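K.L.:
sequence plus the predicted model coming up.
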Amino acid sequence: MTPSADTSRGRRPAWASRNYGLLTAAAFVTNLGSNGALIAAAFAVLEAGGDSGDVGLVAAARTLPLVVFLLIGGAVADRLPRHRVMVAANTLNCLSQGAFAVLVLTGEPRLWQMMLLTALGGTGHAFFSPAAEGMLLSSVSGEQAGRAFAVFRMAMQGAALGGAALGGAMVAAVGPGWVLAGDALAFAVAGSLRCFLDVGHIPARAPGAGMLADLRDGWREVAGRPWLWGIVVQFSVANAVLGAADAVYGPLVARDHLGGAGPWGVALGFFGAGTVVGALLMTRWKPHRLLFVGILCVFPMALPSAALAVPVPVPLLCTAMFVAGATVEVFGVSWMTALHQEIPEDKLSRVSAYDWFGSVALMPLAAALAGPAESAFGRSAALWGCSGLIVAVTAAVLCVPDVRNLRRGSRRVAQVAVPGSADTERPVGGLG
């Protein structure tokens, strides 16, 4: 790549548009605050006299509206200006986290109050995520899209890693209330940044036939592409069992065999570090067979569950977590690049909503079944089952021809998969 192609407007790379810079900065701020707030919310419940079951209820209160409203959020984000949906969602998150912080700082919050405020935050997230992904995908163009997504994800993963560490330290030093207040401030800052997004390059939306018609239209985009719905189904299972292993079995194995919460926290930190390294790798590496390489890099996601099933010593567990984090980030960047390349701009948020919905839909069920599975089969067998399911669904999706054949820079798969769609006969709208 020549210097003239890599720089524009001074030192800014050509692929780093103004919108891209604002989106990356805002995402860094919100991830820094939100990952600390997750820790703070759990300790707020415990300090109010709750137990682990109450912590689970508050977590479920966030997940349920996320599942319920994601598809609606995707339709809304493709119908209204995406940056306005994002700012409105940030405002809701700011107000709900601010109220949560006030309750914690001024007295003893009740469980139903914490659940209600957390549910409002989950609702905001349901509308924000499809709009944010659609906005990001439409802010990047050209051959360097993969590098742009890799840098964006590296910023997010770095913020998540730093936010968790900072949040844990702040909870210990000043209490959970101030961490929640900091998260509310982060949402306010991020929302302010997103107010300056320029949407002039995005074509005006044609009047739709209604919310249900928009959802059906988005579903046709997903169902007409076997590579897309196949991977969404794959990650419905993989995310669910991985979440159960991390949230339920991991802490138990750490308590019984690894020395407690400290080593488990270190292992999770290695996973986060791996994601940063994986994203850094993808700023340079541009695999030609996008999804084939990405899916091959999903197989190591089975390593942490297998390591816990043995269980292996802490250094080996940390190694497994690091490798899983790095390789799954290769998939993440490849996946975003494929969506950017293949999906029409005016349907990005709806497709992203179905993607998000698939990613989280089975997680509450898997968490609920983790305990009964341990009682029925034993913890080690349940963890081996988690690893086996990840390997099985990943191998299955490799049987889809379009997954093996989709190549960087070609829209052939999208054109074949959705015949008769005007959107497949032109470049992705608004990206050039």
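P.N.:
Alright, I've got the coordinates.

K.L.:
read off the pLDDT value for the residue nearest to Thr319 when sequence neighbours are not counted.
P.N.:
Among residues not flanking Thr319 along the chain, Phe270 sits closest, at 7.6 Å (C-beta to C-beta, 6 or more residues apart in numbering). C-beta here means a position set from N, CA and C on the backbone, and glycine is covered the same way. At Phe270, the model reports a pLDDT of 88.

K.L.:
ok, Phe270 - how many residues close by?
P.N.:
As a burial measure, Phe270 scores 22 neighbours (other C-beta atoms under 10 Å).

K.L.:
host element of it?
P.N.:
Here Phe270, judged by DSSP states H and E, is contained in helix 261-282.

K.L.:
would you mind pulling up the elements that that helix packs against?
P.N.:
Using 3 or more C-beta pairs under 8 Å, 6 or more residues apart in numbering; DSSP states H and E, the elements in contact with helix 261-282 are helix 145-174, helix 250-253, helix 314-342.

K.L.:
what about the helix or strand where Met86 lies, average pLDDT?
P.N.:
Element membership of Met86, judged by DSSP H and E, is helix 82-106. For helix 82-106, mean pLDDT rounds to 93.

K.L.:
now do the buried residues in the helix or strand that it is followed by.
P.N.:
Next helix or strand after helix 82-106 toward the C-terminus (DSSP H and E): helix 111-137. Of the residues in helix 111-137, 114-115, 117-137 count as buried by neighbour count, 16 or more other C-beta atoms under 10 Å.

K.L.:
and helix 111-137, what other elements does it pack with?
P.N.:
Using 3+ C-beta pairs under 8 Å, 6+ apart, helix 111-137 sits against helix 18-47, helix 52-79, helix 82-106, helix 314-342, helix 348-360.

K.L.:
switch the cut-off to 7 Å
P.N.:
If contacts are counted by 3 or more C-beta pairs under 7 Å, 6 or more residues apart in numbering; DSSP states H and E, helix 111-137 sits against helix 18-47, helix 52-79, helix 82-106, helix 348-360.

K.L.:
right, and the ones you listed - which one's nearest Leu317?
P.N.:
For the helices and strands packed on helix 111-137, the distance to Leu317 is smallest for helix 18-47, at 20.9 Å, taking C-beta to C-beta.

K.L.:
helix 145-174 and the closest one, what's the angle between them?
P.N.:
Inter-element angle recorded for helix 18-47 and helix 145-174: 30 degrees (by axes from the mean of the first three to the mean of the last three C-alpha atoms, to 10 degrees).

K.L.:
report the buried residues of helix 18-47.
P.N.:
Buried residues in helix 18-47, defined by neighbour count with 16+ other C-beta under 10 Å: 19-20, 22-24, 26-45.

K.L.:
so of the helices and strands packed on helix 261-282, which one's packed in deepest?
P.N.:
With neighbours defined as mean count of other C-beta atoms under 10 Å, those peak in mean count at helix 314-342, which reaches a mean of 23.

K.L.:
for that one, name the packing helices and strands.
P.N.:
Using 3+ C-beta pairs under 7 Å, 6+ apart as the contact criterion, the elements in contact with helix 314-342 are helix 145-174, helix 261-282, helix 290-296, helix 303-309.

K.L.:
report the contact partners of Ala44.
P.N.:
104, 109, 114, 176 (C-beta atoms under 7 Å, 6 or more residues apart in numbering).
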